[in-house]
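Visitor: mind looking at a prediction? Sequence and model below.
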Amino acid sequence: MMKNLLSALKIVSVVLLSTFFVSCSGTIENIGYGTKEEADDVALSMNNEYAETNIWIHEEYKRDDISPLEDLLTTEYDLEELWPFFENRGTYGRIIEGQEQLYFETVNKRFPIEVTRSAGFYSVYQVRHGGRLYVSWNVTEDAEASESVGPGRFRDLCVNHAVYYEKPVDSKRFTALIPGISTAREVIDIDPYAEVNVLFGSGPRSFSLLNEDEVVIVYYEQGGELHEYDDLIVKEVTIVPRSSPLVASALRYILADDFP
């Protein structure tokens, strides 16, 4: 456990009621277009909010919101080394029994953090042979810390989700999904790094980074008890701008210049 306390942000998930479009044949309709500039505007506005609330980050987090990643990332890792460590270990997507939550200290010892961006609160690893792995964080509240320094104080971080991105995914692959029949297993086959969130009050969903500007959101019905990805039945599929508030994921806040 780190000795210093972190006064950090909670990423609040807002449930939005909206209409999404997918035909019975699985045809996806794009309901908007996002740009790198729009995504960066969202991210930088978050940075300003952090600064205004005087939020500070422990030196081990290597906070840097300005320097190019090329100047910060000095170590390369094989994806085969990184991904098994982070796979299915996020806060909201652990549906495989026996997988434990990952905390900052454990991650930092295994793969030393070289940079953390305040926008979206994520760290980045350079992958050998191309691409980057983005690890977003949640803060965990400590009752003892709250009593001693006041509410809203935190002193540990846990992995929210990790996603690898190298190049755009062909959107046509998602049109093969059939509502009512396809499962999250098929989504994972298309995008092994999809962020599956099973704790939304309005139902499970997943987020897939289609390209630097767009995200695929898949909504699911839960078929009985949840033990594996096959228990999540595809209900709706849509493509939205990455900067859209519908993207209740740290994917929304990755700075455009941080993509490979």
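Guide: Yep, it's here.

Visitor: could you pull out the helices in the stretch 101-250 of the chain for me?
Guide: 104-110, 143-149, 184-190 (DSSP state H, counting those that start in this stretch).

Visitor: the last one packs against which elements?
Guide: Right, the one you point to is helix 184-190. Contact analysis of helix 184-190 by 3 or more C-beta pairs under 8 Å, 6 or more residues apart in numbering; DSSP states H and E lists strand 195-197, strand 205-209, strand 214-222, strand 232-241 as its packing neighbours. (Each C-beta comes from the backbone N, C-alpha and C, glycine too.)

Visitor: picking that back up, least confident of the helices of the stretch 101-250 of the chain, on average?
Guide: Note on those: lowest mean pLDDT is at helix 143-149, with a mean of 47.

Visitor: my read is that residue 219 contacts residue 205, right?
Guide: Yes - assessed by C-beta atoms under 8 Å, residue 219 is found in contact with residue 205 at 5.0 Å.

Visitor: when these two are compared, which one has more neighbours?
Guide: residue 205 (22 against 19; other C-beta atoms under 10 Å).

Visitor: who does the more buried one bridge with?
Guide: residue 197, residue 219 (DSSP bridges).

Visitor: begin at 547 from here
Guide: OK, 547 is where the count begins now, so the last one is residue 751.

Visitor: ok, residue 769 - contacts?
Guide: Listed by C-beta atoms under 8 Å, 6 or more residues apart in numbering, the contact set of residue 769 reads 777, 778, 779.

Visitor: quick check: pLDDT value at the nearest residue to residue 683 once chain neighbours are set aside.
Guide: Excluding its sequence neighbours, the residue lying closest to residue 683 (C-beta to C-beta, 6 or more residues apart in numbering) is residue 703, at 4.5 Å. pLDDT recorded at residue 703 is 78.

Visitor: cool, the one 5 residues further on as well?
Guide: What the model reports as pLDDT for residue 708 is 91.

Visitor: ok, it touching residue 679?
Guide: Yes - if you go by C-beta under 8 Å, residue 708 and residue 679 touch, sitting 6.0 Å apart.

Visitor: can you give me the distance of residue 738 to residue 732?
Guide: 12 Å (C-beta to C-beta, to the nearest Å).

Visitor: same thing with residue 630?
Guide: Residue 630 sits 21 Å away from residue 732, going by C-beta to C-beta.

Visitor: same check, this time on residue 664
Guide: Using C-beta to C-beta, we find residue 664 at a distance of 35 Å from residue 732.

Visitor: go on, residue 669?
Guide: From residue 669 to residue 732 the distance is 30 Å (C-beta to C-beta).

Visitor: hmm, who's touching stretch 652-666?
Guide: Residues from elsewhere that reach stretch 652-666 (C-beta under 8 Å, 6+ apart): 589-590, 592-593, 596, 601, 603, 606-611, 613, 615, 618-621, 623, 628, 631, 650, 668-671, 681-683, 705, 796, 798-801, 804.

Visitor: buried ones among these?
Guide: The neighbour count (16 or more other C-beta atoms under 10 Å) marks 589, 592-593, 596, 603, 607-611, 615, 628, 631, 650, 668-671, 681-683, 705, 796, 798-801, 804 as buried among the contacts of stretch 652-666.

Visitor: residue 732 reaches residue 778, doesn't it?
Guide: No - the pair residue 732 and residue 778 does not pass the contact test of C-beta under 8 Å, sitting 10.0 Å apart.

Visitor: about what we covered before: could you check which of residue 630 and residue 732 has the larger neighbour count?
Guide: Using other C-beta under 10 Å, the more surrounded residue of residue 630 and residue 732 is residue 732, with 18 against 10.
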